[in-house]
Each structure stands twice: as structure tokens, then as C-alpha cells.
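Trainee: what shape does this take:
(2 chains)
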Protein chains: 2
Amino acid sequence: MTKNQNDIKCIIAVDAMGGDYAPKNVLIGALEAYNERKDFELILIGDKQKLLQVAREENILLGENMILHSSQIIEMGDTPTSALKTKPDSSIVVGAKLVKEKKAHAFVSAGNTGAMMAASTLIMGRIEGVSRPTIGASFPTSQNKFCLLFDVGASVDSKPQHLFEYAILGSIFAKEIFNSTSPSVGVLSVGEEEAKGNELSLAAHKLLKASKLNFVGNVEGRDILKGNVDVIVCDGFLGNVILKFGESILALLKSRIKDYSTKGLLNKIYALIVKKVLKVSLSDMDYQTHGGVPLLGVNGISIIGHGSSTPLAIKNMVLRAKEMYDKNLIQKFQEALKEYAV
Amino acid sequence: MTKNQNDIKCIIAVDAMGGDYAPKNVLIGALEAYNERKDFELILIGDKQKLLQVAREENILLGENMILHSSQIIEMGDTPTSALKTKPDSSIVVGAKLVKEKKAHAFVSAGNTGAMMAASTLIMGRIEGVSRPTIGASFPTSQNKFCLLFDVGASVDSKPQHLFEYAILGSIFAKEIFNSTSPSVGVLSVGEEEAKGNELSLAAHKLLKASKLNFVGNVEGRDILKGNVDVIVCDGFLGNVILKFGESILALLKSRIKDYSTKGLLNKIYALIVKKVLKVSLSDMDYQTHGGVPLLGVNGISIIGHGSSTPLAIKNMVLRAKEMYDKNLIQKFQEALKEYAV
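Mentor: Purely as a prediction, here's the structure:
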């Protein structure tokens, strides 16, 4: 591991105005990460007066020196690319610029996802060899390790070359963050046989098979939760649908257990036990606690969170940013893209 | 409802050689359906001597007159289209021909899915106005009604016109079989906004919006299990991945609960309760008991089952075929395709 960057103290910028419960949840979560670790500098970007006011109201200890004032906010409903132009002093634009100008090493936001992707891509720029940045999602598996799926929504209508690049970025991410020694990579398809698939998956299969990656061939929808493959690549449209489908499973379970509980006293007691057990057994299925997901392929650490991020989610996003910095991930991506390029 | 067909006794042909546990499971399941209802004629297609032998061994009461001998079997690993040519006396080809020649009203098989699709499409033919037949899957929802997803694997690389046809066929199926008065139809996408989607979903959205169907616009992955829309259409590649992903959820739950149960006596007791509750609450998530899925758009009733079909699954497939016959579904598809065509 290249250690030289660690002589410089890591600086993490956080969009204090991003998310449905900002700035409150952001302040609580980011400061919790900071106070727990203290081994990085925290920059909270947002309306200074508003942040200080919320901190007072919520009894949050917040030093003025942590705040970088920005006068604008990109709202959830704003159109991403045009908002970047019309709101140059928005927290998202300011944060992405900090990373671009090397005044911060990472930027974290639970604000407008499209704007965050556009700002990261257009302002930070792409790593050489990356055609399209990608967002991955981690799925819980039967083997108690995660399966990473790329892309889950940074693009739609991905091309075979994009899937190949997702596989490179995903492999490095799985290796460094999820500690897979030699991450296996599969391409999502409708059958295990090499000849099965659609135009995109068949062409991506060929590229991956010819590469030096640990490619295991086609995998199916059922393999995502099985845990027999570390990284799965697919078109961003497909990945996004699966991610949202997966996120809705817990809601279905909860609703069914609630129905069950209304049918008598014993049912009510049993339902409480079920809730308790599932909370323990499926804790890694609760996507709210995960924090956000990194946008991989841009020239800097960019972590994007759910609009509804809890303080814990924000905290985990900041800690994930710090981990990516500590592990020199951007540099490792750069090296891998050169190494695996065909 | 057109009643004229009901003067003729319904004849259901069943592929007795299809499935991993054929002919045993097929014989048990099909005969159970027959003995329960007796309002249709049953034809069991397969190796006569083998069927009689298994019936003797398993103490299954089977009349020779129910058997239509066929000397060949399309195996699970056979290539569908070439198998149709090389095995003209296979149970799948014989069954599809019976329907084509109006010697049976429906054909049911748990054999090679690709061969069953190819035989149904090529031998029975397509209904006028159908470019590609489609397979739908029913998903359980929070509202205790099903959501139907088309296509889940009859095609890959579906075109906008195909999605439009899936919507017509799916609406009629939802209305007749799932009793939705005016089935709502959504197109699967990555956001609710009309402008969000990929090339396919955007073009399909336009076609559906201009139609007389009850189109509600874009829906997302999370809407499948919510129950707020009756029919969702998407590319067959995407649908197949979601179906298999969905089918694997119970396996993940079971594995997690098993892990939990090993951590002490109380956990073991709790786990038993959880299993009991989930079995009741998620009974409609067990895809094995559903039976098969119909291939819609072909000129006859064709029901395709899991290779691992249980006797109950086979029974339900036969009963579903009978229901489709009783409700005149093929004629209703024909009428709808004319009515909704643009």
C-alpha cells in the first residue's frame, strides 16, 4: 500500500444541506463520526447561520471553523445538470470543487442523487480509462458476506465496455473494502450457459472472459443473494430495478407480520418474537443503516446517500469515505484500469 | 362470456415425462386434479410401459385409456429448437400438436422450458397481433393481492411493441384470472417521472400512454411488492432476473433463521416460531406451490412448470389450464388484441 498520502491529514467535506432531514441528521451523524475518530478534518458545507441555529436548537456542539458557508441548495426536485449551472454556490457544487481543487479528499452528500453524480463526474472528472462512473450496491447473502452489484443506477443503457469497467472498479472495491482476496466477477444473465443472455450480456461476457479478472461467467438473479460470487455486473437500469426491489422486501415482510399479529393474542406474541429474530438475522438487509454508496470511477472520493438518511447512515458514509482514503482507493483504481485494460 | 365452447368437454393434455421427478410427480398431481374435478378429460403423454410401471410401483390408479404413448423425451439439456426436429415423437411435440389439431384444449408440461416455449409458439402458432408470446409471474404484495410481471423470460431484448402486447395480454389475464376489474398497467423504470428510463421503457411508455389500457405510467422496482399496480411490463431479460432474485428470497430467510437457531436453546425455540409464522404469512411467496405459468400469446393454452415441480404444482398447473379454458381466455386475448391495437 502506498503510504505517502497518509502524511497529509485527510479532509472530508460533507454536504450539510443534503437529505430530507438536513441539516439536523447530517450534523449529528458527521460529528459523531468525527468525534469518534478525530483522525480527519471535517468540513460542513451549508448555510452558516442555519447550521449554527440548528446546532443550538438541537444541543449539538459545533465549531464555526468547521463550517464552509454556501448560499444555495440544490433541491431534490431540481434538474441535475441545469442546477449545477444555475446554483454555482450550492453545497453540492462547492463540495465537488473542494475535491477537484484538492482542498478536500472526499465529499459526502445525501442530497439530490442526480446532481451529486453530475457534479462529481463533471467537476471532479473521470479516472483515465473510465467511460462512465458507476454506483454499486451491496446485497446480504446466505453466506454472511456481501455480494456487490454494479451498476445500480449511475447509467441506463450501459454498453459492454461499461460493464467491463464496472467489473474492474468493483473488483478493486471488493478487494479493498470487503476483503475478498481475489474477487470473483459474474455477468448477470438469464442462464449459466455462456450462450444465454441478451446482446449486452453476451458481449460483456466476451470482454470479461478475455480479461485477467477472476471471471466466473454468467450468473442468474438467484445468485445475488447466494453469496457464491463477489461482484456482479449489469446494465444500470436492471441494477436499479433490482436494488429497489431488494429494498422493498423488508417492507413486505413487515406488512405480512403485522397482518399476522392482528389475528389473536398468541399471534401478537409470536409476531413480536418474529420481529425480534428478523431484526437480528436480517440486520444487514436494512439499507438505511448502510450509509451511502460511493460513485466509483470519478477522480476523487464521492459518497452518495439516501435522501432519507438517518444520522447513523451519515456517520457510516463519512467513515466509508475515510476508509477509502486510508486505503488509497483512487490510486488503486487508476492502477487497475491500466493493468486490466485490453 | 361466450358459453358455446362449454358444450364440448375440456381436454387437457399433460406431459407425463416432463420435470425432474417425472413421471411420478406428474402422475400424482395430474390425477389428483382430475379426480377432484372430473369435469375434463385428461391425456397423459409419455412412454406407456414406463407410466404403467411407475403407477404400479407407486400404487397410483391409472387407466390405460388415459395414456397417449410417445416414444421420445426432450431432456432438460437438449437445445430447444433442434430437439423439436430431432424428436418429433417427444411428449412435448406430441402435446403441442394435440392442441394445434384441436384434439386437446390445453397442454401442460414441467419439462424443458425452452422446448415447451418453442413447441407452443411454432406448433400452436401465435394469436393474430402477437409478435412474441410472453410468460408472466405473479408476485405477492403487501396488499395481499398479486402483481403480475411480464415478460419473465420468454424473450430477451424485447422491443417497445412487445411490451405493449405484454400489457394487453397481461391485462386480460389479470382481469379474468386475478379478478381485477380494470387492471392498472405500469412500465418498469428507474423513476416515476415520465422522462426517466432507458430507450425501451421510454418508447413503451409512449405506446401505452396513447392506448386505451388503464396505464398508470412508470413504476419502480419497489412497486412490484407494494401491490399498487396490477400488471407491470418490462424486457424479458430484466423480468427473468427479478423473478429468480425474488424466488431466492425465501432461501436467504431460511438460511439466516437456521444460523440464528444454532446460537442457543432459546434461539432454537424462537426460530421454530419464526418458521411457523413465516410459513403462514408468506405462503404465497413459495413459488413451488404456484404451479406453472402460462405462455400467453400462443394459439392455445400452454402452461409451463418448474423442472422441480411437486405433485401439488402439477395439480395447480392442470387446474389453471382448466380455468383458462372455462374463461375462454384465448378468445378474449384475440378480441383484446384487436380492440387495443393502435
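
Trainee: rest of the way, CA atoms for contacts and neighbours
Mentor: Noted.

Trainee: confirm that A:Lys279 sits in a helix.
Mentor: Yes. The assignment for A:Lys279 by DSSP: H, G, I helix; E, B strand; the rest coil puts it in a helix.

Trainee: and the pLDDT at it?
Mentor: Looking at A:Lys279, its pLDDT stands at 88.

Trainee: that one and A:Met285, how far apart?
Mentor: For A:Lys279, the distance to A:Met285 equals 9 Å [C-alpha to C-alpha, to the nearest Å].

Trainee: between the two, which one's more packed in?
Mentor: Ranked by neighbour count (other C-alpha atoms under 10 Å in any protein chain shown), A:Lys279 and A:Met285 place A:Met285 first, with 19 against 13.

Trainee: that one and A:Pro140 touch, don't they?
Mentor: Yes. Counting by C-alpha atoms under 8 Å, A:Met285 does reach A:Pro140; the two are 6.1 Å apart.

Trainee: residue contacts, the residue in the stretch 1-150 of chain A that chain B sits nearest to?
Mentor: At 5.2 Å from chain B, A:Ser142 is the closest residue in the stretch 1-150 of chain A, using C-alpha to the nearest C-alpha. A:Ser142 sits next to A:225-227, B:251-252, B:255-256 when contact means C-alpha atoms under 8 Å, 6 or more residues apart in numbering or on different chains.

Trainee: hmm, try it at 7 Å
Mentor: Residues near A:Ser142 by C-alpha atoms under 7 Å, 6 or more residues apart in numbering or on different chains: A:225-227, B:252, B:255-256.

Trainee: and the two most separated of those residues?
Mentor: A:Gly227 and B:Arg256 (12.6 Å; C-alpha to C-alpha).

Trainee: and stretch A:329-342, how far from the chain's centre?
Mentor: 20 Å (C-alpha atoms, centre = their mean, to the nearest Å).

Trainee: give me the contact list for it.
Mentor: A:127-129, A:168-169, A:172, A:211-212, A:299-300.

Trainee: quick one: average pLDDT of it?
Mentor: Rounded mean pLDDT across stretch A:329-342 is 93.

Trainee: likewise stretch A:77-90?
Mentor: pLDDT averaged over stretch A:77-90 gives 94.

Trainee: one step back: okay, the contacts of A:Ser142 in CSV with secondary structure, neighbour count and distance to B:Leu337 next?
Mentor: Shown next, in CSV, are these (DSSP: H, G, I helix; E, B strand; the rest coil; neighbours: other C-alpha atoms under 10 Å in any protein chain shown; distance: C-alpha to C-alpha, whole Å):
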residue, secondary structure, neighbour count, distance to B:Leu337
A:Leu225, coil, 24, 39
A:Lys226, coil, 23, 41
A:Gly227, coil, 20, 43
B:Leu252, helix, 21, 40
B:Ser255, helix, 18, 45
B:Arg256, helix, 21, 46
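
Trainee: which one of those residues is nearest A:Ile45?
Mentor: A:Leu225 (37.6 Å).

Trainee: where does chain A have its least confident helix or strand?
Mentor: Of all helical and strand segments in chain A, the minimum by mean pLDDT, DSSP states H and E falls on helix A:287-290, at a mean of 65.

Trainee: mean confidence for the next helix or strand after that helix?
Mentor: Sequence order places strand A:293-296 as the next helix or strand after helix A:287-290, per DSSP states H and E. The average pLDDT for strand A:293-296 rounds to 94.

Trainee: show me what from the stretch 1-150 of chain A comes close to chain B.
Mentor: Residues of the stretch 1-150 of chain A found near chain B (C-alpha under 7 Å from any C-alpha of the partner chain) are A:141-142.

Trainee: now the strands for the stretch 1-150 of chain A?
Mentor: Secondary structure of the stretch 1-150 of chain A (DSSP state E, counting those that start in this stretch): strands located at A:10-15, A:40-46, A:67-69, A:106-109, A:134-139, A:147-150.

Trainee: partners of the third one, with directions?
Mentor: To tie it back to what came earlier, the one meant is strand A:67-69. Sheet pairing of strand A:67-69 (DSSP bridges) gives strand A:40-46 (parallel).

Trainee: name the residues that touch the partner strand?
Mentor: A:9-17, A:34, A:66-71, A:91.
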